[in-house]
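> missing the sequence, but the structure's below:
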């Protein structure tokens, strides 16, 4: 059963409690999120400054760890207690789950006044709505299927930028022979799943990926192609740092930035670390689609779900946050810091770097066919319960060099069945 659904039994009790304390003075907007790395902190600071400039109080509730898992645990506890924050970083299907519990507020006034339907890509607007009302605001579009490369390391090793999985393995062999760590990686479940997802998208293609991780089709989950996914993942693991367990993603990114490693498989938020280090896209680093996923765009939308409040001043602060999040000034500064693509469709991207400009082109191309796919690893494709089941199978597989790909496929299917 979805963990969110288990809250339903206690939400009726929580609804008897005050959703926020009445307060005098300027409104306060408390924001629960997990933007905690160096580059991410710089990005969220832009949102805080704009809200404060509008005369409201920003209360930051940043919770690091687990790709948002720790933040979700705190959010669920506070929701049960009848004391949710004004806004929380909630993504994908979970937005619908929270709204179904009656805990999210409708943003009709601010969304209509600012013409959100015209500003947002239709697929993204749909994710932000419940019963055709906006209950969340998107702040960006992340692409998950990126490969980050240190070109100086590649040059020293005589490696070529890969476009296929076989070319990726060949480049990794050259990096390894030259004394570099081929692939920087942090051994955390969500990072393991990110790599698994990219390999799956490469091997299965966008239609096969959708069948497996969005439709949860048993044939797609148990077929020979899925065994190939695990076999390729197993080979990829041989190029990772053996001491990767528990390491945060930004520390792994640092290994590529400082020239210790040649590559990292990570979403475009990794670019925020390169930017914070003063590096320039196309010169100091390269971003290319994960080999074999050209034409596909695995998306991860950062969004803020808005919870019901009672204090009028706090509601004003909450509406201001929702408004600011989609204004051009914030969209530009935030996404330049975050490494992501602005969610607004009307911005001039000339002031963004080569990676973001390429991301925009690839997004529009993928949107025309089947290439635009929600990220399983980043809460966009399925419930947290199913996602957690996948995480367990993938991490256990990666941590066992002798694991059997065929057995892993069986375990994956069984785990997903149990989690539905």
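Yep, it's here. Remember, it's a predicted structure, so these values are computed and weren't measured experimentally.
> For the host helix or strand of residue 395, enumerate the helices and strands it packs against.
Element membership for residue 395, per DSSP states H and E: helix 384-398. Secondary-structure packing of helix 384-398 (3 or more CB pairs under 8 Å, 6 or more residues apart in numbering; DSSP states H and E): helix 189-213, helix 224-237, helix 405-419. For the C-beta atoms, the positions are set from N, CA and C on the backbone; glycine is no exception.
> Looking at those, which one is packed in the most?
helix 189-213 (a mean of 23; mean count of other CB atoms under 10 Å).
> Give me the mean pLDDT for it.
For helix 189-213, the mean pLDDT works out to 98.
> Stretch 312-323 now?
Rounded mean pLDDT across stretch 312-323 is 97.
> Please apply the same query to stretch 75-86.
On average, stretch 75-86 scores 93.
> Output the helices and strands packed on helix 384-398 in JSON lines; the columns should cover distance to residue 380.
Listed next are those as JSON lines, based on distance: least, CB to CB, whole Å:
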{"stretch": "helix 189-213", "distance to residue 380": "10"}
{"stretch": "helix 224-237", "distance to residue 380": "19"}
{"stretch": "helix 405-419", "distance to residue 380": "16"}
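> what's the neighbour count on the residue nearest to residue 181 when sequence neighbours are not counted?
Of all residues not flanking residue 181 in the chain, residue 261 sits nearest, at 4.0 Å (CB to CB, 6 or more residues apart in numbering). If you count neighbours by other CB atoms under 10 Å, residue 261 ends up with 25.
> In contact with residue 348, which residues?
By CB atoms under 8 Å, 6 or more residues apart in numbering, the contact list for residue 348 is empty.
> on that earlier part again, which residues sit against the helix holding residue 395?
1-4, 72, 94, 187, 189-190, 192-193, 196, 213, 216, 230, 233-234, 237, 376-377, 379, 381, 403, 405, 408, 411-412, 415-416, 418-420.
> after the helix or strand of the chain with the lowest mean pLDDT, next one along is what?
The least trusted helix or strand in the chain, going by mean pLDDT, DSSP states H and E, turns out to be helix 8-14, with a mean of 43. Where DSSP H and E defines the elements, the next helix or strand beyond helix 8-14 is strand 28-33.
> mind listing what's buried in that following strand?
28, 29, 30, 31, 32, 33 (16 or more other CB atoms under 10 Å).
> Show me the two of those residues that sit farthest apart.
28 and 33 (15.7 Å; CB to CB).
> Report pLDDT for the residue nearest to residue 181.
So, for residue 261, pLDDT stands at 98.
> Also residue 72?
90.
> Just name whatever secondary elements the helix or strand harbouring it is in contact with.
Counting by DSSP H and E, the element that carries residue 72 is helix 69-80. Secondary-structure packing of helix 69-80 (3+ CB pairs under 8 Å, 6+ apart): helix 8-14, strand 28-33, strand 87-89.
> could you point out where the chain is predicted with low confidence?
Low-confidence segments of the chain (pLDDT under 70): 1-24, 66.
> What residues does the residue lying closest to residue 85 once chain neighbours are set aside make contact with?
Spatial nearest neighbour of residue 85, excluding adjacent residues (CB to CB, 6+ apart): residue 30 at 4.1 Å. For residue 30, the contact set (CB under 8 Å, 6+ apart) comprises 59, 60, 61, 85, 86, 87.
> Could I get the full set of helices for the stretch 51-200 of the chain?
Along the stretch 51-200 of the chain, counting by DSSP state H, counting those that start in this stretch, helices occupy 69-80, 93-100, 108-113, 116-119, 122-127, 151-157, 165-177, 189-213.
> Mind giving me the packing neighbours of the last one?
Same thing as helix 189-213. helix 165-177, helix 218-222, helix 224-237, strand 261-265, strand 297-300, strand 372-374, helix 384-398.
> ok, now the second one?
For helix 93-100, the helices and strands in contact under the criterion 3+ CB pairs under 8 Å, 6+ apart are strand 129-130, strand 303-306.
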